[in-house]
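1. got a sequence here, can you model it:
(chains A and B)
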Amino acid sequence: MKAYLGVDVGSVSTNIVVIDDDGEVLVNLYLRTNGRPIETIKNGLKETAAQLDSQVEIAGAGTTGSGRYLAGVMIGADVIKNEITAHAVAASTMVPGVQTVLEIGGQDSKIIILRNGIVTDFAMNTVCAAGTGSFLDQQAARLNIPISDFGALALKSKNTVRIAGRCTVFAESDMIHKQQMGHPLPDIINGLCEALVRNYLNNVGKGKELLEPIVFQGGVAANVGIKAAFERELGKPVIIPKYFNVMGAVGAAQLAKEETLKTGKTKFKGFAITDLPHQTSSFQCDGCSNACEVVEIYEQGKVIGRWGNRCPRWDIVDN
Amino acid sequence: MRKVTFPHMGHSYIAFKMLMEDMGNEVILPPRPSKKTLDLGVKYAPEFACLPYKILLGTYLETAAKGMDTIVTSGGSGPCRAGHYAHLHQAILRSLGHNVDLVCFESPKKHPIDFYRKIQKLNSARLSIRSVIKAIKRGWHKLKALDHMERLSHKIRPRELKKGTTSKVYRQTQAWLDEARTHEQIAEAEAAGVKAFQDIPQDPNRSVLKVGLVGEIYVLLEPASNLEIEETLGHMGVEVERSMFLTGWTRDNLGKGTEELASAIEAAQPYLPELIGGHGRDTVGHTVLYSKRNFDGVIQIAPFTCIPEIVARTILTKVSKIHNIPVLTFFLDEQTGKAGMVTRLEAFVDLLRRRKQYQALEQAAPT
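-> Numbering: from 1, shown residues only, chains lettered A, B, ... in the order given. Below you'll find the model as predicted:
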């Protein structure tokens, strides 16, 4: 049986999925990246291979996320796609007719507007990370509450407490202030969820027409408190797809399928790469005043990828 | 001898260098803005100042260390804080112990005598007025030739067979023009440049997208400040048309004015009937014009906190909808990491490509 591999290497999580020809998800892994993308990718692939039926043959592979180039050269990807396209593709296959995708991940949040299955507009947070998962993670850790319980606690809130959501630093001092005044924890957490949603809609969703169906995906979609806050703010239902936290990987796998149908072959190196040694190193280019910090990745002592350079001087020519 | 410098704004330094030298000054060439430039600028500039302000301050500090004693720059027209930046730069440099002179040109239409005096101040060789005019004409000729080369690079880069060839040729043509000192030599270098661009092996069947670039002048003209957005787009198969060149801007502000600006102002009329400073109105107007010329998309680039561009951006949401043209905005600040920009550009190019395919299908389908 033919199947397609999708790998999404994000700041917080690395997700791996395998889909079959009909788009059914066979394997679905959500792993913490923990700042070690290479190790995480290898461990994830090992686990994927173990979970897969031996009859399954990987006929295409795609990568996405901020670590897409790294993952791409490691596994031999047929497509290396930005996360916006990958998320849009996944959402429109999982929820046909979707017109709005809200996506909140670890370090970034984005909004994608689709009409007739085509992306017509998108936006991503630029200079501020106030509306992202890392901030929620941080606050959960500060309050000593597992992040998985965060949303449920917010739903217990009976009163609204307004938290300033523009900037994470001020949001935190505002929260501490409200907590020292004696507001109950569920109210504060709910206030934080609302602040995040407000900031997201003002910042990322600014000026966009949010039409139904609205899909909410990315790691933060696990948080029922945020979902509820979105529904209150928008006055519309928000759909959370089944594989909400691995949608980028699903999209990458689908794009790999499209690509290999065109080319007729795959560049995927096979699961054996998990046993190969990989190293990275970096150096500062002295070619011009840009002084680019170039990173190299080696497989068995041979350079397979380089990035960080602004000009093509260090590009690796495919052979 | 005066040791002059001026802002590093794309390739314009090549023409200014010749003009300043012809007038008998020593030129301390502004280095291409780098991390060091930005670090210096950020350290001594007010925190709220914009990216161009910080880069220019860094440039002046770098050249002051090499003995520069005179800054030549221009003021602004309309209510943009850049208009008093030059004087603030001078004050900061002086407080740091660099006693530099400032020659800041304002519009000669509004201040003809002031303009004449400043020209004389820089006329270290004591040339006759006729010779000064001749020198300015030569500099102008060179600037036009340089802009011509840049336009060609925008056109050919997305079609080149081997990635990087166009950028290499472009640098070569700049070097040729740098050496040319007379009208004949400039014309010769320009012709050689055109030939070199035409000789680049191209793929005639490639489907190339057309994107218009609008926004604030400094970040538009200086590739080092916009993370080389034009080159990056070119390598993604996008032909870029920039709404602003220094030759055009100069004609609009010092001379008769260009037709382009006149029609951009007209096109912006329903949305932004007034000059709000900087290039906000041009940004809106050019976006309308690009959509009328059936461009696939428009990218706006502006310094973070730039008020005219923030106003324009808000209006562009509506323009984009009414004129059915996708618009992507980048606010540039101190970040030097390019990954975020590349991700957004890739996604935007994907959007434009899929949209174009979809439109082609719709047109082909019988209704």
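2. from here on, contacts and neighbour counts on C-alpha atoms
-> OK.
3. let's see the helix or strand encompassing B:Leu61 as PDB, backbone CA atoms only.
-> Here B:Leu61, judged by DSSP states H and E, is contained in helix B:51-64. What follows is helix B:51-64 as a C-alpha-only set of coordinates in PDB (Å, rounded to 0.1, in the frame of the first residue of the first chain):
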ATOM      1  CA  LEU B  51      15.000  51.800  11.000                       C
ATOM      2  CA  PRO B  52      16.200  54.300   8.300                       C
ATOM      3  CA  TYR B  53      17.100  56.800  11.000                       C
ATOM      4  CA  LYS B  54      19.100  54.200  12.900                       C
ATOM      5  CA  ILE B  55      20.900  52.900   9.700                       C
ATOM      6  CA  LEU B  56      21.800  56.400   8.700                       C
ATOM      7  CA  LEU B  57      23.100  57.300  12.100                       C
ATOM      8  CA  GLY B  58      25.200  54.100  12.000                       C
ATOM      9  CA  THR B  59      26.500  55.000   8.600                       C
ATOM     10  CA  TYR B  60      27.600  58.500   9.700                       C
ATOM     11  CA  LEU B  61      29.300  57.100  12.800                       C
ATOM     12  CA  GLU B  62      31.200  54.500  10.700                       C
ATOM     13  CA  THR B  63      32.300  57.200   8.200                       C
ATOM     14  CA  ALA B  64      33.100  59.700  11.100                       C
END
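4. could you list the domains of the chain?
-> Unless you meant another one, I'm taking chain A. Using automatic domain parsing, the domain ranges for chain A come out as A:2-89+A:248-275, A:97-240, A:278-314.
5. hmm, I had chain B in mind actually
-> By the assignment in automatic domain parsing, chain B contains the domains B:3-127, B:208-367.
6. any chance of the domains of chain A in TSV, plus distance to B:Glu266?
-> As requested, the domains of chain A are arranged in TSV below (distance: least, C-alpha to C-alpha, whole Å):
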stretch	distance to B:Glu266
domain A:2-89+A:248-275	36
domain A:97-240	25
domain A:278-314	38
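7. for chain B, what are the nearby residues on chain A?
-> A:66, A:82-85, A:118-121, A:124, A:207, A:289-290, A:311-312 (C-alpha under 8 Å from any C-alpha of the partner chain).
8. those in strands, which ones?
-> Filtering those for membership in strands, criterion DSSP state E, returns A:118-121, A:124.
9. gap between the one residue in the stretch 101-250 of chain A that gets nearest to chain B and B:Leu352?
-> Nearest residue of the stretch 101-250 of chain A to chain B, counting by C-alpha to the nearest C-alpha: A:Val119, 5.7 Å away. Look at A:Val119 and B:Leu352: by C-alpha to C-alpha, to the nearest Å, they are 9 Å apart.
10. picking up where we left off before, from the domains of chain A, which stretch is densest packed?
-> Of all these, domain A:2-89+A:248-275 has the most neighbours on average by mean count of other C-alpha atoms under 10 Å in any protein chain shown, namely a mean of 21.
11. nearest residue to whichever residue of the stretch 101-250 of chain B sits closest to chain A other than its sequence neighbours?
-> Relative to chain A, the nearest point of the stretch 101-250 of chain B is B:Gly164 (6.4 Å; C-alpha to the nearest C-alpha). The shortest distance from B:Gly164 to any non-neighbouring residue, by C-alpha to C-alpha, 6 or more residues apart in numbering or on different chains, is to A:Pro312 (6.4 Å).
12. so the one you found makes contact with B:Thr166?
-> No - A:Pro312 sits out of contact with B:Thr166 when judged by C-alpha atoms under 8 Å, with a separation of 11.6 Å.
13. now tabulate the domains of chain B in JSON lines and tack on mean pLDDT and distance to chain A.
-> Formatted as JSON lines, the entries for the domains of chain B read as follows, by pLDDT from 0 to 100; distance: least, C-alpha to the nearest C-alpha, whole Å:
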{"stretch": "domain B:3-127", "mean pLDDT": "89", "distance to chain A": "6"}
{"stretch": "domain B:208-367", "mean pLDDT": "87", "distance to chain A": "5"}
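14. just for the stretch 151-300 of chain A, where's the confidence low?
-> The model of the stretch 151-300 of chain A has no residue with pLDDT under 70.
15. now do the helices in it.
-> Assigned helices in the stretch 151-300 of chain A, in chain order: A:168-180, A:185-203, A:224-234, A:247-263 (criterion: DSSP state H, counting those that start in this stretch).
16. got a markdown table for the ones you listed, with distance to A:Leu276 too?
-> Shown next, in a markdown table, are the helices of the stretch 151-300 of chain A (distance: least, C-alpha to C-alpha, whole Å):
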| stretch | distance to A:Leu276 |
| --- | --- |
| helix A:168-180 | 41 |
| helix A:185-203 | 42 |
| helix A:224-234 | 41 |
| helix A:247-263 | 23 |
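17. right, and those - which one's nearest A:Val294?
-> Closest to A:Val294 of these is helix A:247-263 (C-alpha to C-alpha; 26.0 Å).
18. and the closest one, what other elements does it pack with?
-> The helices and strands touching helix A:247-263, judged by 3 or more C-alpha pairs under 8 Å, 6 or more residues apart in numbering or on different chains; DSSP states H and E, are strand A:2-9, strand A:13-20, strand A:57-64, strand A:79-80, helix A:83-94.
19. follow-up on the earlier one: now the domains of chain B as CSV including mean neighbour count and distance to B:Glu184?
-> Rendered in CSV, the data for the domains of chain B read as follows (neighbours: other C-alpha atoms under 10 Å in any protein chain shown; distance: least, C-alpha to C-alpha, whole Å):
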stretch, mean neighbour count, distance to B:Glu184
domain B:3-127, 19, 15
domain B:208-367, 19, 20
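20. mind putting those into TSV with distance to A:Val98?
-> Converted to TSV, the domains of chain B look like this (distance: least, C-alpha to C-alpha, whole Å):
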stretch	distance to A:Val98
domain B:3-127	39
domain B:208-367	16
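21. figure out which of those domains is closest to B:Glu160.
-> Each of those was scored for nearness to B:Glu160 using C-alpha to C-alpha, and the closest is domain B:208-367 (8.7 Å).
22. after the helix holding B:Leu61 comes which helix or strand?
-> For helix B:51-64, the following helix or strand on the C-terminal side (DSSP H and E) is strand B:70-74.
23. quick one: strands adjacent to that following strand?
-> Paired strands of strand B:70-74, with direction, are strand B:3-5 (parallel), strand B:101-105 (parallel) (DSSP bridges).
24. tabulate these in JSON lines, adding columns for distance to A:Lys302.
-> Supplementary listing: these in JSON lines, determined by distance: least, C-alpha to C-alpha, whole Å:
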{"stretch": "strand B:3-5", "distance to A:Lys302": "47"}
{"stretch": "strand B:101-105", "distance to A:Lys302": "55"}
